[in-house]
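Trainee: build me a model:
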Amino acid sequence: MKAATKYIHAGSHPDPSTGAIMTPIYQTSTFVQEAPGKNKGFEYARSQNPTRFALEEALAIIENGKFGLAFSSGVAATDAVIKLLSPGDEVIASNDLYGGSYRLFTKVFEKFGIKFHYVDMTHVENINKFVSAKTKLIWVETPTNPLMNITDIAAVATIAKSNNALLCVDNTFASPFLQNPLDFGADLVMHSSTKYLGGHSDVIQGALVMKDEKLREQLYFLQKSCGAVPGPMDCFLVLRGIKTLGVRMKQHCENGKRIAEFLSNHSKVKKVYWPGFSDHPNYTIARKQMRDFGGMISFELKVEDIAETKKLLSSTKLFSLAESLGGVESLINHPATMTHASIPREERIKNGLRDSLIRLSVGIEDPDDLIEDLSNALGK
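Mentor: Next comes the predicted model:
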């Protein structure tokens, strides 16, 4: 089945009682049982909900997995993965990653005796320097947030398997439309479904997808026991969003290419971070594992003045200054003071995330209007 068809029909089954083509929102906390221990597959909505189950089926299908689990946020999904570990275990993570993941790792889980190593994974051989018998998980973002670095998923999967470690790939920036990490050997895929899967900036949610049934049971136990589950309305919204993922992502990619090329040729722009350029250091790997290059772009001005950077951030009209990404509307973001503010400045600078960096989530508006908006802001 082709992707566009898969997105529309994944997890969708007409309601048997009414024939409704859209999955109903089962807004209930509990389910009546015929007798003690005898039910229709549902007991209590934290453990099971038909709307959530439909979404989880859809998530598995669109990521070429067997099992999907939905969580109340992307951070909650990440939290569940780390809870598979025990004190003394070690994690190797991308050194350029979402600030919320870094905060969770350093401020929450380090105090429970889990050690994290942050590694430049653009050169996969760097991982080998940190692998030991204690390594239980490798955490990869590709493309990374916000420097758009690319990691060779298949190469990391080989390292993980040879060392009996799990590989989890945060696929939020790419979405299933651009890449499917399970196809390259990853054990787990994580999404902030808030972003491209939902697609309309109206829901907070996270997801995990896997092929291994034992792994699914371990994570389902954590989902049920810790309770970070999404409500049925949120599940309905993400189900709805997935149906238009294909058409939206095509426009995100087309607009992203136009904006990246515009910025790279602008006299006031110093550098553009976008994996679709042939001179991107990981371009070959990006072409191998991605179908297109997406609508996420970062750039720096030639004048490395934080005041000028902030002036630009406040001068756009169509690009709204806000956190998050992946919605139909375009957003502009300052990672150093917004999405990545939880990472100490010295760590950010060491990894290449300078105070002058600007991140764009290019929406699906007319690209000429978006270019005009950026041109006007740069002119100021």
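Trainee: following the helix or strand hosting Leu167, which helix or strand comes up?
Mentor: Leu167 is located in strand 166-170, with elements delineated by DSSP states H and E. Per DSSP H and E, the first helix or strand lying C-terminal to strand 166-170 is helix 175-178.
Trainee: which helices and strands does that next one pack with?
Mentor: Helices and strands touching helix 175-178, as assessed by 3 or more Cβ pairs under 8 Å, 6 or more residues apart in numbering; DSSP states H and E, comprise helix 3-9, helix 245-264. C-betas here are computed from N, CA, C, even on glycine.
Trainee: try 10 Å
Mentor: In this structure, helix 175-178 packs against helix 3-9, helix 50-62, strand 188-192, helix 245-264, with contacts taken as 3 or more Cβ pairs under 10 Å, 6 or more residues apart in numbering; DSSP states H and E.
Trainee: on that earlier part again, which strands border the strand holding Leu167, and is each parallel or antiparallel?
Mentor: Strand 166-170 pairs in its sheet with strand 135-141 (parallel), strand 188-192 (parallel), by DSSP bridges.
Trainee: any idea how far it is from the middle of the chain?
Mentor: 12 Å (Cα atoms, centre = their mean, to the nearest Å).
Trainee: can you show me the CA trace of it as PDB?
Mentor: Provided in PDB are the C-alpha atoms of strand 166-170 (Å, rounded to 0.1, in the frame of the first residue of the first chain):
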ATOM      1  CA  LEU A 166      18.400  -0.800  22.400                       C
ATOM      2  CA  LEU A 167      18.300   1.800  19.700                       C
ATOM      3  CA  CYS A 168      15.500   4.500  19.900                       C
ATOM      4  CA  VAL A 169      15.200   7.100  17.200                       C
ATOM      5  CA  ASP A 170      13.400  10.400  17.800                       C
END
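Trainee: rounded mean pLDDT for that strand, please.
Mentor: Mean pLDDT, computed over strand 166-170, is 98.
Trainee: make TSV out of the strands paired with strand 166-170 and add mean pLDDT.
Mentor: Formatted as TSV, those follow (pLDDT from 0 to 100):
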stretch	mean pLDDT
strand 135-141	98
strand 188-192	98
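Trainee: flag every buried residue along the lowest-mean-pLDDT helix or strand in the chain.
Mentor: When each helix and strand of the chain is scored by mean pLDDT, DSSP states H and E, helix 345-350 comes last, with a mean of 86. The neighbour-count check on helix 345-350 (16 or more other Cβ atoms under 10 Å) flags Arg348 as buried.
Trainee: can you name the next helix or strand after that helix?
Mentor: Heading C-terminal from helix 345-350 (DSSP H and E), you reach strand 358-361.
Trainee: tell me which other helices or strands that following strand touches.
Mentor: Looks like strand 358-361 contacts helix 245-264, strand 269-273, strand 296-301, helix 306-313, strand 331-333 (3+ Cβ pairs under 10 Å, 6+ apart).
Trainee: export that strand as PDB, just CAs?
Mentor: This file holds the C-alpha atoms of strand 358-361, laid out as PDB (Å, rounded to 0.1, in the frame of the first residue of the first chain):
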ATOM      1  CA  ILE A 358      17.300  31.000  14.500                       C
ATOM      2  CA  ARG A 359      15.000  28.000  13.800                       C
ATOM      3  CA  LEU A 360      12.200  27.900  11.300                       C
ATOM      4  CA  SER A 361       9.300  25.500  11.100                       C
END
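Trainee: what packs against the next helix or strand after that strand?
Mentor: Downstream of strand 358-361, the next assigned helix or strand under DSSP H and E is helix 367-379. In terms of contacts (3+ Cβ pairs under 10 Å, 6+ apart), helix 367-379 is packed against helix 245-264, helix 306-313, strand 331-333.
Trainee: what residues sit buried inside helix 367-379?
Mentor: Judged by neighbour count (16+ other Cβ under 10 Å), helix 367-379 contains these buried residues: 367, 370-371, 373-374, 377-378.
Trainee: ok, stretch 225-241 next?
Mentor: Of the residues in stretch 225-241, those buried (16+ other Cβ under 10 Å) are 228-232, 234-241.
Trainee: biggest separation within those residues, which pair?
Mentor: Ala228 and Arg240 (21.8 Å; Cβ to Cβ).
Trainee: send the alpha carbons of the least confident helix or strand of the chain over as PDB?
Mentor: As requested, the backbone C-alpha atoms of helix 345-350 are provided in PDB (Å, rounded to 0.1, in the frame of the first residue of the first chain):
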ATOM      1  CA  ARG A 345      25.100  27.900  27.600                       C
ATOM      2  CA  GLU A 346      28.600  26.400  27.600                       C
ATOM      3  CA  GLU A 347      27.100  23.000  26.500                       C
ATOM      4  CA  ARG A 348      25.100  24.700  23.700                       C
ATOM      5  CA  ILE A 349      28.100  26.600  22.400                       C
ATOM      6  CA  LYS A 350      30.400  23.600  22.600                       C
END
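Trainee: report the distance from it to the chain centre.
Mentor: Worked out by Cα atoms, centre = their mean, helix 345-350 lies 22 Å from the chain centre.
Trainee: what's it packed up against?
Mentor: Here helix 345-350 touches helix 99-103, going by 3+ Cβ pairs under 10 Å, 6+ apart.
Trainee: returning to that earlier point: can you add pLDDT and secondary structure and give the buried residues of stretch 225-241 back as CSV?
Mentor: Formatted as CSV, the buried residues of stretch 225-241 follow (pLDDT from 0 to 100; DSSP: H, G, I helix; E, B strand; the rest coil):
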residue, pLDDT, secondary structure
Ala228, 97, coil
Val229, 98, coil
Pro230, 98, coil
Gly231, 97, coil
Pro232, 98, helix
Asp234, 98, helix
Cys235, 98, helix
Phe236, 97, helix
Leu237, 98, helix
Val238, 98, helix
Leu239, 97, helix
Arg240, 97, helix
Gly241, 98, helix
